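> what's the 3D shape of this:
(2 chains)
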Amino acid sequence: SQTIHQWPATLVQPVGSPLSLECTVEGTSNPNLYWYRQAAGRGLQLLFYSVGIGQISSEVPQNLSASRPQDRQFILSSKKLLLSDSGFYLCVWSRDNVLFFGSGTQLSVL
Amino acid sequence: RKEVEQDPGPFNVPEGATVAFNCTYSNSASQSFFWYRQDCRKEPKLLMSVYSSGNEDGRFTAQLNRASQYISLLIRDSKLSDSATYLCVVYSSASKIIFGSGTRLSIRP
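Okay, the predicted model is just below:
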């Protein structure tokens, strides 16, 4: 079966610290992968997407970066977190117009 | 300008009312369109796809207007259980997926 794993579920980090959120997909190959951020009660803001290993498209210029070192692995990173990076981060993969959502990471930058 | 714009609401309507949401998109080459429903702190769930010819699923009707670049969702005979945030989703290209900011709907008894 097709599954998506995202971790950690909750993260509290000080301003200026690094960030690494990981997402892995099982049961499929060559998926399109996405990182979104969702503010409370709002829609999902597209941050990055990838159609293949090493291929990253950035949508929002900011303090974050993404990498896809393996076909089914997508990583969201930051070298130095800002307060404004706080939010709920969702990993999503897509195939044939079907979307699969990770469980999300609630990031609080203090 | 955002690629996808959606009325944030909130819409607060009585049970049994008819309510409609719109969502506009800027990329005329956008290919696929969907409506998702999201309940508080849960993952979005696919509600229905949207086609130019219009499609209906029970009390829900979705419509795509390519000329004016918008999609709509109509909910008839609204139920308390329809209270949620409704997200339009636009495939701006085959691989770029944009979500609207969401429209919050509250149905009151």
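> who does the residue most central in space within chain A bridge with?
Nearest to the mean C-alpha position of chain A, counting by CA atoms, centre = their mean, stands A:W35 at 3.4 Å. In this entry, A:W35 is beta-bridged to A:F48, A:C91, by DSSP bridges.
> Tell me who's in contact with it.
A:21, A:23, A:46-49, A:66, A:74, A:76, A:89-92 (CB atoms under 8 Å, 6 or more residues apart in numbering or on different chains). C-beta coordinates here come from the backbone N, C-alpha and C atoms, glycine included.
> go again using 6 Å as the cut-off
A:W35 sits next to A:L47, A:F48, A:A66, A:L76 when contact means CB atoms under 6 Å, 6 or more residues apart in numbering or on different chains.
> which one among the residues you listed gets closest to chain B?
Ranked by distance to chain B (CB to the nearest CB), the contacts of A:W35 are led by A:F48 at 10.8 Å.
> Residue 99: neighbouring residues, count only.
Answering for chain A, as no chain was given. Counted by other CB atoms under 10 Å in any protein chain shown, the residues lying close to A:L99 total 19.
> should've been chain B
28.
> What score does it have for pLDDT?
As predicted, B:F99 sits at a pLDDT of 94.
> What pLDDT is listed against the closest residue to it other than its chain neighbours?
Once flanking residues are discounted, B:F99 sits nearest to A:L44: 4.1 Å by CB to CB, 6 or more residues apart in numbering or on different chains. Note for A:L44: predicted pLDDT of 89.
> wait, A:L44 sits on A:Y34?
No. A:L44 is beyond contact range of A:Y34, at 8.8 Å (criterion: CB atoms under 6 Å).
> what does chain A put close to chain B?
A:N32, A:R42, A:G43, A:L44, A:L46, A:V51, A:N97, A:F101 (CB under 6 Å from any CB of the partner chain).
> Dump the residues you listed into JSON lines; add secondary structure as well.
JSON lines is the format used below for the residues of chain A next to chain B (DSSP: H, G, I helix; E, B strand; the rest coil):
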{"residue": "A:N32", "secondary structure": "strand"}
{"residue": "A:R42", "secondary structure": "coil"}
{"residue": "A:G43", "secondary structure": "coil"}
{"residue": "A:L44", "secondary structure": "strand"}
{"residue": "A:L46", "secondary structure": "strand"}
{"residue": "A:V51", "secondary structure": "strand"}
{"residue": "A:N97", "secondary structure": "coil"}
{"residue": "A:F101", "secondary structure": "strand"}
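> Nice, that's everything, thank you.
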